[in-house]
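Q: Give me a model of this one.
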Amino acid sequence: MDKVTGKVVPNSEKWSPNQDFKAVNTPQIQGYTADRASVTNTNVAYNSDPITETVTYNPDAQTAIVNFIDDDTGKVIKPVTLNGHTADTDSYRTASDIKSLENEGYELVRDDYPTDGVVYDNDDNKDQTYTVHLKHGVETVTADQDRQVGTPINVNDPKGAKYPAGVDKKSLTRTISRTINFVYPDGTKHTYQDSQTYTATVKVDKVTGKIVPGSESWPQPKNFKPIASPTVKGYTPTKTSVVDNGVAYDSDPITETITYTPDAQKVMVNFVDDKTGKIVKPITLNGHTDETASYRTTSDIQSLEAQGYVLVKDGYPADGATYDNDDDVDQVYTIHLTHGTKQVQRTKQISRTINFVDRSGHQLRPSIVQTKTFTQTGTQDLVTNEIVWDPIDAQTFTSLTVPVINGYQASPATVPAAQVTFTDQDSTVNVEYDHLPSRGNTTAQTGDQSATASGQGRQAKNHQQALPQTGNDSSAAIGALGLASLVGLLGLSRKKKQD
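A: Model (predicted):
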């Protein structure tokens with residue numbers, strides 16, 4: 001036997017060797033005289049025909065009884081009595097009676113009566129008995145057959161058993177409906193409906209016309225087709241898929257309601273400093289799809305204005321942001337601000353002090369102080385407090401004719417003009433005098449500035465001693481004064497040679 005297909009492997013049949021029947025001595029049977037002493041059968045193959053050996057006796061009268069038994073009730077439903085003689089074969093066969101009973105709904109279980117007819121035995125005291133076993137035929141009725149109550153079960157026995165109630169199509173069919181309601185966020189509803197149909201089988205006793213108890217058979221529970229919930233952007237359904245599995249034939253109708261809840265959303269509100277391009281105040285708002293945020297920008301704008309900012313454009317909705325339905329990208333609103341400014345000014349006075357001293361540094365006359373006043377305007381950033389000053393023109397200290405002091409001589413005779421800017425610092429110029437031999441008194445006028453000196457001496461060097469300088473124009477003026485002093489020294493040297 002093929003274990004996979006369950007079929008007999010061709011040409012694989014193998015029978016045991018031929019065998020010998022045991023020799024049988026003819027028994028001494030009352031009422032019979034045997035015509036031979038024994039019966040011998042040898043070398044019998046597996047496919048040999050049945051062997052019948054007849055030992056002839058003088059037969060006695062015999063009786064055989066054939067009982068047709070209903071195995072379901074254990075009762076004899078048809079007895080048949082046969083009469084003959086020992087060793088005679090009766091011509092009676094059971095086929096006709098079996099057929100008649102089958103027409104009434106019976107089914108043959110086992111026919112113990114010999115196929116070739118009963119051979120009467122030699123027991124004069126006991127009748128031979130044969131039994132034909134039958135059972136009630138059972139018809140498996142399906143819904144599609146739609147058997148109607150009261151109609152004959154057995155075609156060849158129209159007056160016999162009739163179909164009972166409960167075997168028609170309606171009785172053997174169950175339909176389980178399913179309704180799915182999709183309730184969308186806007187309140188609209190979509191309904192999906194489907195169903196599963198179950199059909200049963202039932203067994204009917206063809207003899208009695210009754211349903212066999214416990215024979216009703218329904219199919220196994222079924223699975224409904226999974227139904228995916230429609231996608232609504234920004235919302236999540238209570239079930240992503242409606243799955244109803246293992247639904248039995250006797251289940252109640254199924255109703256599923258799918259609702260949608262809004263997804264979490266985020267709104268970013270960025271207060272941007274347009275001057276720097278940087279976000280000076282980020283606000284994160286959290287809510288759900290289609291909700292309106294309670295946040296307004298007024299308070300934060302006022303707070304930033306107090307810090308010196310000026311609103312350029314408020315890109316946030318005046319009635320609050322409505323959260324969108326995009327779960328992947330946050331909404332962004334921008335409030336543009338710039339720096340507030342105001343005009344400021346400053347005043348600075350720069351002085352140049354000219355000292356008149358001898359070689360030892362003793363002051364020979366009062367110093368002359370020249371001053372320049374600058375007034376500069378600018379723009380102050382109210383956020384950073386930084387000030388951007390407007391350009392301002394340079395000014396010039398006028399040149400000064402060195403005063404004549406009797407008995408002294410200074411060179412050069414003029415302190416040159418000097419240009420100063422707002423960033424320069426105060427400066428000092430020292431004019432040095434050399435003492436001359438006494439020749440009289442001399443007075444020199446310098447316009448609105450004057451000095452008097454007497455005596456004679458060597459030509460004085462003109463030195464300048466200045467505070468730290470921050471402007472190029474002032475440094476150039478002092479350099480010019482130093483150059484003039486050098487020229488004076490050269491002149492004094494020439495004079496000494498002439499003397």
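
Q: Confirm that residue 100 lies within a helix, as I assumed.
A: Yes: assessed by DSSP: H, G, I helix; E, B strand; the rest coil, residue 100 belongs to a helix.

Q: Count the neighbours of it for me.
A: Around residue 100 there are 14 other residues, counting by other CB atoms under 10 Å. (Each C-beta comes from the backbone N, C-alpha and C, glycine too.)

Q: could you say what helices and strands the helix or strand containing residue 271 packs with?
A: Assigned by DSSP states H and E, residue 271 belongs to strand 264-273. In terms of contacts (3 or more CB pairs under 8 Å, 6 or more residues apart in numbering; DSSP states H and E), strand 264-273 is packed against strand 278-288, helix 298-306, strand 331-339.

Q: who touches stretch 224-237?
A: Residues external to stretch 224-237 that are found in contact with it (CB atoms under 8 Å, 6 or more residues apart in numbering): 178, 180, 182, 184-185, 190, 192, 194, 196, 239-245, 247, 254, 258-263, 265, 289-290, 324-327.

Q: what about burial for those residues, which qualify?
A: By neighbour count, with 16 or more other CB atoms under 10 Å, those hold 178, 180, 182, 196, 242, 244, 247, 254, 258, 260, 262-263, 265, 289-290 as buried.

Q: can you pull the buried residues of the strand holding residue 271?
A: Neighbour count says strand 264-273 has 265, 267, 269, 270, 271, 272, 273 buried, by 16+ other CB under 10 Å.

Q: The closest residue in space to residue 398 that isn't next to it in sequence and residue 356, how far apart?
A: Counting by CB to CB, 6 or more residues apart in numbering, residue 417 is the residue found nearest to residue 398 once chain neighbours are left out, at 5.6 Å. Distance, residue 417 to residue 356, by CB to CB, to the nearest Å: 18 Å.

Q: Those two: which is more packed in?
A: residue 356 (24 against 14).

Q: any idea how far the more buried one lies from residue 333?
A: From residue 356 to residue 333 the distance is 74 Å (CB to CB).

Q: Same question for residue 436.
A: Residue 436 sits at a distance of 87 Å from residue 333 (criterion: CB to CB).

Q: can you give me phi and psi for the residue nearest to residue 371 when sequence neighbours are not counted?
A: Closest residue to residue 371 apart from its sequence neighbours, by CB to CB, 6+ apart: residue 351 at 4.7 Å. Main-chain torsions, residue 351, degrees, to the nearest 10: phi -120, psi 150.

Q: Let's have the buried residues of strand 264-273 in CSV, adding pLDDT.
A: What follows is the buried residues of strand 264-273, written out as CSV (pLDDT from 0 to 100):
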residue, pLDDT
265, 98
267, 98
269, 98
270, 98
271, 98
272, 98
273, 98
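
Q: so which strand or helix has residue 320?
A: Assigned by DSSP H and E, residue 320 falls within no helix or strand.

Q: ok, and the helix or strand in the protein with the lowest average confidence?
A: strand 449-456 (a mean of 32; mean pLDDT, DSSP states H and E).

Q: list the contacts for residue 119?
A: Each residue near residue 119 by CB under 8 Å, 6+ apart is listed here: 87, 88, 89, 90.

Q: The residues you listed in strands, which ones?
A: Under the assignment DSSP state E, the contacts of residue 119 contribute nothing to strands.

Q: Helix or strand: which one has residue 316?
A: Going by DSSP H and E, residue 316 is not in any helix or strand.

Q: I'd say it and residue 336 touch.
A: No: assessed by CB atoms under 8 Å, residue 316 is found out of contact with residue 336, at 10.9 Å.

Q: the helices in this structure, which residues?
A: For the chain, the helices defined by DSSP state H cover 95-103, 298-306, 472-498.

Q: Now do the strands in the stretch 351-499 of the chain.
A: Taking DSSP state E, counting those that start in this stretch as the criterion, the stretch 351-499 of the chain contains strands spanning 363-381, 387-389, 395-397, 400-401, 408-410, 414-415, 418-420, 427-446, 449-456.

Q: Which of those comes out lowest on mean pLDDT?
A: Mean pLDDT is lowest for strand 449-456 out of the strands of the stretch 351-499 of the chain, coming in at a mean of 32.

Q: Between residue 316 and residue 336, tell me which one has more neighbours.
A: With neighbours defined as other CB under 10 Å, residue 316 and residue 336 compare such that residue 316 has more, 24 against 16.

Q: Show me what residue 419 bridges to in the sheet.
A: Applying DSSP bridges to residue 419 gives these bridge partners: residue 396.

Q: likewise residue 436?
A: Beta-bridge partners recorded for residue 436 (DSSP bridges): residue 456.

Q: pretty sure it is touching residue 408, no?
A: Yes: with contact defined as CB under 8 Å, residue 436 reaches residue 408; the gap is 6.2 Å.

Q: and these two? which has more neighbours close in?
A: Higher neighbour count among residue 436 and residue 408: residue 408, with 28 against 20, using other CB under 10 Å.

Q: measure that one to residue 435 for me?
A: Applying CB to CB, the value for residue 408 to residue 435 is 6 Å.

Q: same question, residue 42
A: 182 Å.

Q: and those two? which has more neighbours close in?
A: Neighbour comparison, residue 42 and residue 435: the larger count goes to residue 435, with 20 against 10 (by other CB under 10 Å).

Q: isn't that one right next to residue 406, touching?
A: No: in this structure residue 435 lies outside contact range of residue 406 using CB under 8 Å: 10.6 Å.

Q: Let me see the contact set for residue 214.
A: With CB under 8 Å, 6+ apart, residue 214 has no contacts at all.

Q: ditto for residue 336
A: Residue 336 neighbours (CB under 8 Å, 6+ apart): 272, 274, 311, 312, 313, 314, 315.

Q: Pull out the buried residues from these.
A: Buried among the contacts of residue 336 by 16+ other CB under 10 Å: 272, 311, 314.

Q: The second one contacts residue 339, doesn't it?
A: To tie it back to what came earlier, the one meant is residue 311. No: Residue 311 is beyond contact range of residue 339, at 11.7 Å (criterion: CB under 8 Å).

Q: Surely residue 269 touches residue 320?
A: No: in this structure residue 269 lies outside contact range of residue 320 using CB under 8 Å: 10.8 Å.

Q: Are there residues contacting both of these two? Which ones?
A: In terms of CB under 8 Å, 6+ apart, residue 269 and residue 320 are both contacted by the residues residue 295.

Q: Make CSV from the helices and strands packed on strand 264-273 and add mean pLDDT and distance to residue 9 to it.
A: Putting the helices and strands packed on strand 264-273 into CSV (pLDDT from 0 to 100; distance: least, CB to CB, whole Å) gives the following:
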stretch, mean pLDDT, distance to residue 9
strand 278-288, 98, 72
helix 298-306, 97, 92
strand 331-339, 98, 77
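
Q: Tell me the spacing between residue 85 and residue 174.
A: 65 Å.

Q: More neighbours: which of the two?
A: The neighbour comparison of residue 85 against residue 174 (other CB under 10 Å) goes to residue 174, with 18 against 15.

Q: Now for that one: which residues touch it?
A: Residues near residue 174 by CB under 8 Å, 6+ apart: 197, 198, 199, 200, 218, 249, 250.

Q: next one: residue 14
A: Shown in contact with residue 14 (CB under 8 Å, 6+ apart): no residues.
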